[in-house]
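Sequence and computational prediction follow.
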Amino acid sequence: MTREYPRFAVVGHPNKGKSSIVSTLAQDETVQISDTPGTTKKYRAFPLKVDGEILYELYDTPGFQRARALLEWLKEVEVSADKKADRVRRFVYEHRDNPKFADEVQLLKPILDGAGIIYVVDGSKPYGVEYEAEMEILRWCGEPSMALINLIDSSDYVDEWKRALGHYFRLVRVFDPMKADFAQHVALLEGVAQLREEWTQPVKRSIEIFKAYREQKITQSAQYITDLMVNSLEFVASGSILGEEATQKERDLVVRRYEDHLRSLEIESHRKIAKIWHHALLESEPFLPLLEGVDLFSRESASIFGLSRQELITTGAAGGAVTGAGVDLLLGGSSLMMGSAIGALIGGIGAAFGFAEAAQIKVLGQTVGSRELEVGPMQNRNFPYMLLHRALYYAREIASRPHANRKKITIDHNEIAGHTWEEERAKKRLEEFHGTLRKGEPLSQNKLQEYQALIKTLLANALNS
Ligand SMILES: Nc1nc2c(ncn2[C@@H]2O[C@H](COP(=O)(O)OP(=O)(O)O)[C@@H](O)[C@H]2O)c(=O)[nH]1
Ligand SMILES: [Mg+2]
């Protein structure tokens, strides 16, 4: 049977990372990966689709259980090379209901149906002759094949594996499904393109589509991040007050409303980004949102993701605020003098947020007549940088995460501190947009597009660093 897209059966010994490789190459987080050998009982197809079109398809298969017995059966009758695949077919047919060879039957079926072979070994374990029966059987199938050396542990027997595999496979590569990045993924596809002549063009085309698809995902992510920024920074929470003056309780309530709304905007934005990159499960139960450990309004978040005082000054975010009460607006403090012309500033908010740095939020519109209390738009000058940095960090983690990696993201403080995503020029340009939003003015359509383009550049830089 011929189809226009290439198909590969991923085969090998149990527990060598076959399913992990399928998951990463098909960018599918639903592939079952397990420590328990023998989890996969039936072969299953996982296509890589872009806009409904299948670029290629991988078959996850059970591992070999009785390779030696199978090979003996094949060799019982002498056949010429051109009849070897038929002999394998005969085996599958005769043993289709034999539980003893159930796994072998399943793993051979897609190959006999024309799928290419990806043989997976663990290069952190020594090579041994017990693998030769498996490789010999695959050779009998007569389909184009490549071997991938996965390194599950830290020991390294890659050289001896390469020597052995070279006898059986046209192409031998080291490929780590837990760490492979986009470039390695593409490089592997380029290798695959050489395996069979009629695959060369389709695979090359697939690679182009695949690259464009990634570009599209970066653009879409940047759009979500821009939405998050604008919606968060311009948000105003309000609550009514009973008396002439707002009580502490009334103030706390509206601050909490403000704070929770911003938190939920961030989580929603992260979920959307995870979905674009096919990591939706990671953000759903039983997993927790990745940045949940570092609350948006925590001191920790400000110190990890925010700009330093010096950076704020060189960026221009400090503006006229470097002296006097303005310093508090940048870095926290207990001054209540800011913004007296526009409204009252609540001293207690710092406590409500748990720290002062990001918490200087002006309360606007508290007039006796209307009896309304308003919090927002965000006045803290560091907050936009922190929020953006969190979003870029998150998007980068998600976008560069191979689908075989199901571990929770742990935030590496040193790595973040050493990052230079927001180079000087970009930071200054960002301040333009943030300044407008801080004043409660909307960004024009043009400005919004510029803002999004800048965020996209920052994200693309982060992904390529
Ligand atoms: N650290 C690490 N673990 C891996 C790697 N590949 C597979 N594993 C783990 O090895 C186990 C078996 O992997 P799986 O893909 O289910 O193997 P399969 O039985 O051949 O399909 C799982 O616990 C995986 O998380 C790898 O490259 N690095
Ligand atoms: Mg498996």
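Yep, it's here. Numbering: from 1, shown residues only. Ligands and ions are numbered 1, 2, ... in the order given.

Residues in contact with stretch 447-465: which ones?
218-219, 221-223, 225-226, 229-230, 388, 392-393, 395-396, 399-400, 419, 421-422, 426, 429-430, 432-433, 436, 443 (C-beta atoms under 8 Å, 6 or more residues apart in numbering). (Glycine included, C-beta is placed from N, CA and C.)

so how far is that stretch off the chain centroid?
With C-alpha atoms, centre = their mean, to the nearest Å as the basis, stretch 447-465 stands 17 Å off its chain's centre.

Ok, stretch 14-29 next?
16 Å.

Enumerate the positions of that stretch that are buried.
15-29 (16 or more other C-beta atoms under 10 Å).

so how many other residues sit close to V77?
9 (other C-beta atoms under 10 Å).

try the one 5 residues further on
Close neighbours of D82, defined as other C-beta under 10 Å, add up to 8.

now Y56
Neighbours of Y56 (other C-beta under 10 Å): 22.

what's the nearest residue to it if we skip its chain neighbours?
Nearest residue to Y56 in three dimensions, chain neighbours excluded: P6, at 4.8 Å (C-beta to C-beta, 6 or more residues apart in numbering).

Can you pull the phi and psi angles for that neighbour?
phi -70, psi 150 (degrees, to the nearest 10).

coming back round to it: would you write a PyMOL line that selects the buried entries of the contacts of stretch 447-465?
Entered in PyMOL, the line below selects the buried ones among the contacts of stretch 447-465, by 16+ other C-beta under 10 Å:
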select buried, resi 218+221+222+225+226+229+230+388+392+393+395+396+399+400+419+421+422+426+429+430+433+436+443
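
Nearest spatial neighbour of P37, chain-adjacent residues omitted?
Nearest to P37 is P14, by C-beta to C-beta, 6+ apart, at 3.6 Å.

Can you name the residue of the stretch 351-465 of the chain nearest ligand 2?
A404 (10.8 Å; C-beta to the ion).

ok now do the nearest residue to that residue once chain neighbours are set aside, which residues does it touch?
In space, and not counting its chain neighbours, A404 is closest to S20: 3.7 Å by C-beta to C-beta, 6+ apart. Applying C-beta under 8 Å, 6+ apart, we find S20 in contact with 31, 33, 150, 177-178, 404.

Likewise for T200?
Here T200 is in contact with 193-194 (C-beta under 8 Å, 6+ apart).

which element is V172 on?
Here V172, judged by DSSP states H and E, is contained in strand 171-174.

Partner strands of that strand, with direction?
When pairing is defined by DSSP bridges, strand 171-174 lines up against strand 145-150 (parallel).

quick one: buried residues of the following helix or strand past the partner strand?
Note on strand 145-150: by DSSP H and E, the next helix or strand toward the C-terminus is helix 158-165. Counting neighbours by 16+ other C-beta under 10 Å, one finds that the buried residues in helix 158-165 are 158, 161-162, 164-165.

in whichever helix or strand comes after the strand holding V172, what counts as buried?
As assigned by DSSP H and E, the chain's next helix or strand after strand 171-174 is helix 182-193. Neighbour counts over helix 182-193 (16+ other C-beta under 10 Å) mark 184-185, 188-189, 191-193 as buried.

same question for the following helix or strand past helix 182-193, mean pLDDT?
Going down the chain from helix 182-193, the next helix or strand is helix 197-234, by DSSP H and E. What helix 197-234 shows for mean pLDDT is 95.

got the angle between helix 197-234 and helix 182-193?
160 degrees (axes from the mean of the first three to the mean of the last three C-alpha atoms, to 10 degrees).

Which element is encountered next along the chain beyond helix 197-234?
Moving toward the C-terminus from helix 197-234, the next element (DSSP H and E) is strand 237-240.

Quick one: the strands in this structure, in order.
7-12, 44-50, 53-60, 116-122, 145-150, 171-174, 237-240, 343-345, 362-364, 372-375 (DSSP state E).

Name the strands paired with the fourth one and say parallel or antiparallel.
Applying DSSP bridges to the sheet, strand 116-122 is found paired with strand 7-12 (parallel), strand 145-150 (parallel).

so which of those comes closest to Y93?
strand 7-12 (17.8 Å; C-beta to C-beta).

pull the CA atoms of that closest one into PDB?
Below are the C-alpha coordinates for strand 7-12, written out as PDB (Å, rounded to 0.1, in the frame of the first residue of the first chain):
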ATOM      1  CA  ARG A   7       5.600   6.200   7.600                       C
ATOM      2  CA  PHE A   8       8.000   4.600  10.100                       C
ATOM      3  CA  ALA A   9       7.700   1.800  12.600                       C
ATOM      4  CA  VAL A  10       9.700   2.500  15.700                       C
ATOM      5  CA  VAL A  11      10.900  -0.800  17.000                       C
ATOM      6  CA  GLY A  12      13.400  -2.400  19.300                       C
END
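
can you list the residues that contact that strand?
Outside strand 7-12, the residues touching it (C-beta under 8 Å, 6+ apart) are 18-19, 21-22, 43, 45, 56-61, 63-64, 107, 110-111, 114-121, 134, 138, 192.

what about K100, neighbour count?
12.

Need the nearest residue in space to it, chain neighbours excluded.
R66 (6.8 Å).

doesn't A102 make contact with that neighbour?
No. Between R66 and A102 there is no contact under C-beta atoms under 8 Å: 10.0 Å.

ok, the residue of the stretch 351-465 of the chain closest to ligand 2 touching P177?
Yes. The criterion here is C-beta under 8 Å, and A404 meets it with P177 at 4.1 Å.

shared neighbours of the two, which are they?
Contacts common to A404 and P177, judged by C-beta under 8 Å, 6+ apart, are 17, 20-21, 23-24.

could you show me where the helices are in the stretch 201-350 of the chain, in order?
Under the criterion DSSP state H, counting those that start in this stretch, the stretch 201-350 of the chain contains helices at 248-276, 299-305, 309-315, 326-331, 349-353.

List just the one of the ones you listed that sits closest to ligand 2.
Here helix 248-276 is closest among the helices of the stretch 201-350 of the chain (C-beta to the ion), at 24.0 Å.

Now do that closest one and helix 197-234, the angle between them.
If you take the same axes, to 10 degrees, helix 248-276 sits at 170 degrees to helix 197-234.

Neighbours of D153, how many?
9.

any chance you could read off phi and psi for the closest residue to it other than its chain neighbours?
Nearest non-adjacent residue to D153, counting by C-beta to C-beta, 6+ apart: S124, 3.9 Å away. Note on S124: its backbone torsions stand at phi -90, psi 0 [degrees, to the nearest 10].

This completes my enquiry, with thanks.
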